[in-house]
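Asks: Sequence first, predicted coordinates after that:
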Amino acid sequence: MTHPTERPTTTTRRTVLRGTAATAALATAGLAATGSAHATDVPPKTGGSDGPRIGILLYDGYSLLDPTGPAEVLSRVPGASVTMIAERRGPVRTDTGDVAVLAERALDEAGRLDVLLVPGAGNRGTIAAMRNRTLLDWIRETNRRTRYTTSVCTGSLILAAAGLLDGRRATTYWASAPYMEKTFDITYVPERYVKSGKFITSAGVSAGLDMALYLAAKLTDDDTAKAIQLAVEYDPRPPFDAGNAQEASEELKARALKILEDSQV
């Protein structure tokens with residue numbers, strides 16, 4: 001990821017478990033007994049009739065954890081359905097080019113969503129999405145009926161390009177903060193996630209997990225969100241205390257951005 005300097009030619013990028021432990025053990029044994037089954041043998045979950053419909057937008061060059069981390073959390077919300085959506089059905093490749101995630105619905109098939117999540121991307125993906133009138137129009141139209149419209153990382157820049165964050169507080173990837181404030185009528189807040197009205201934005205990549213747990217609590221209650229956090233065993237204890245840009249040296253920031261840039265296609 002590189003640091004943006006002008007608009008938009010240099011923008012930047014970048015479960016409640018059911019049952020008991022015994023049930024989980026039985027489920028694991030069942031998997032072993034039917035190991036020859038294909039993933040396509042299992043239909044996608046449609047959620048309960050009253051559960052929240054959550055749509056996650058995919059576009060070329062997004063960062064892998066931005067949609068998939070929140071999807072892991074939000075798909076555990078009781079009754080919820082989580083669907084990956086893109087301009088066209090099919091695999092959509094990440095910023096590194098190494099992985100693709102399947103979009104099961106095209107934009108015109110998405111229908112009404114209770115929650116929209118827009119992930120962030122590398123330079124190429126963010127710039128292209130901010131210039132994509134089809135995506136921006138769809139985001140604006142979908143936002144009219146959502147309960148919550150959310151973003152991870154530079155996904156907030158895409159929401160801003162759609163005109164949805166004017167006059168609001170928001171967060172984004174740390175290297176994108178100066179660009180956000182310079183280019184849009186937005187007050188940048190250096191927090192893991194920020195709520196402003198129905199909009200919830202999160203900082204870079206891994207912060208989407210924190211935002212998703214907060215959103216899970218808003219969709220249900222704190223106890224359910226806590227149970228989901230335990231279900232996915234989200235208890236981060238990284239080997240290094242280097243993830244806070246507010247405390248990082250300029251040298252470390254430069255190296256981080258270089259690593260991101262070199263890993264993207």
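Replies: Received the coordinates, thanks.

Asks: Now do the strands in the stretch 51-200 of the chain.
Replies: Ranges of strands in the stretch 51-200 of the chain, per DSSP state E, counting those that start in this stretch, are 53-57, 81-86, 90-93, 100-103, 105-106, 115-118, 148-152, 168-170, 186-188, 193-196, 199-202.

Asks: okay if I get those as JSON lines plus distance to A256?
Replies: For glycine as for every other residue, the C-beta is placed from the backbone atoms N, C-alpha and C. Formatted as JSON lines, those follow (distance: least, CB to CB, whole Å):
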{"stretch": "strand 53-57", "distance to A256": "25"}
{"stretch": "strand 81-86", "distance to A256": "28"}
{"stretch": "strand 90-93", "distance to A256": "23"}
{"stretch": "strand 100-103", "distance to A256": "24"}
{"stretch": "strand 105-106", "distance to A256": "34"}
{"stretch": "strand 115-118", "distance to A256": "23"}
{"stretch": "strand 148-152", "distance to A256": "17"}
{"stretch": "strand 168-170", "distance to A256": "22"}
{"stretch": "strand 186-188", "distance to A256": "18"}
{"stretch": "strand 193-196", "distance to A256": "20"}
{"stretch": "strand 199-202", "distance to A256": "18"}
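
Asks: who wins for proximity to K253 among the ones you listed?
Replies: Of all those, it is strand 186-188 that lies closest to K253, at 16.1 Å by CB to CB.

Asks: quick one: contacts of that closest one?
Replies: Contacts with strand 186-188, where a contact means CB atoms under 8 Å, 6 or more residues apart in numbering, come from 160, 165-172, 177, 180-181.

Asks: Now the buried members of these.
Replies: Listed as buried from the contacts of strand 186-188 are 160, 165, 168-172, 177, 180; burial here means 16 or more other CB atoms under 10 Å.

Asks: from these, which two are the most distant?
Replies: Taking CB to CB, the two most distant members of the buried ones among the contacts of strand 186-188 are R168 and A177; they sit 14.5 Å apart.

Asks: Contacts only, for L57.
Replies: Contacts of L57 by CB under 8 Å, 6+ apart are 67, 85-86, 116-119, 135, 139.

Asks: Try it again at 6 Å.
Replies: 85, 118 (CB atoms under 6 Å, 6 or more residues apart in numbering).

Asks: Distance of it relative to R192?
Replies: According to CB to CB, to the nearest Å, L57 and R192 sit 21 Å apart.

Asks: go on, G125?
Replies: Counting by CB to CB - G125 and R192 are separated by 22 Å.

Asks: do L219 as well
Replies: 18 Å.

Asks: The two: which is more packed in?
Replies: L219 (21 against 17; other CB atoms under 10 Å).

Asks: For the stretch 151-265 of the chain, just list every one of the helices.
Replies: Remark: helices assigned in the stretch 151-265 of the chain by DSSP state H, counting those that start in this stretch are 155-161, 177-183, 207-219, 222-231, 250-263.

Asks: before we move on, the earlier item: would you list the strands of the stretch 51-200 of the chain in JSON lines and tack on mean pLDDT and distance to K226?
Replies: Formatted as JSON lines, these follow (pLDDT from 0 to 100; distance: least, CB to CB, whole Å):
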{"stretch": "strand 53-57", "mean pLDDT": "98", "distance to K226": "19"}
{"stretch": "strand 81-86", "mean pLDDT": "98", "distance to K226": "20"}
{"stretch": "strand 90-93", "mean pLDDT": "98", "distance to K226": "32"}
{"stretch": "strand 100-103", "mean pLDDT": "98", "distance to K226": "28"}
{"stretch": "strand 105-106", "mean pLDDT": "98", "distance to K226": "31"}
{"stretch": "strand 115-118", "mean pLDDT": "99", "distance to K226": "20"}
{"stretch": "strand 148-152", "mean pLDDT": "98", "distance to K226": "19"}
{"stretch": "strand 168-170", "mean pLDDT": "98", "distance to K226": "26"}
{"stretch": "strand 186-188", "mean pLDDT": "98", "distance to K226": "29"}
{"stretch": "strand 193-196", "mean pLDDT": "98", "distance to K226": "17"}
{"stretch": "strand 199-202", "mean pLDDT": "99", "distance to K226": "18"}
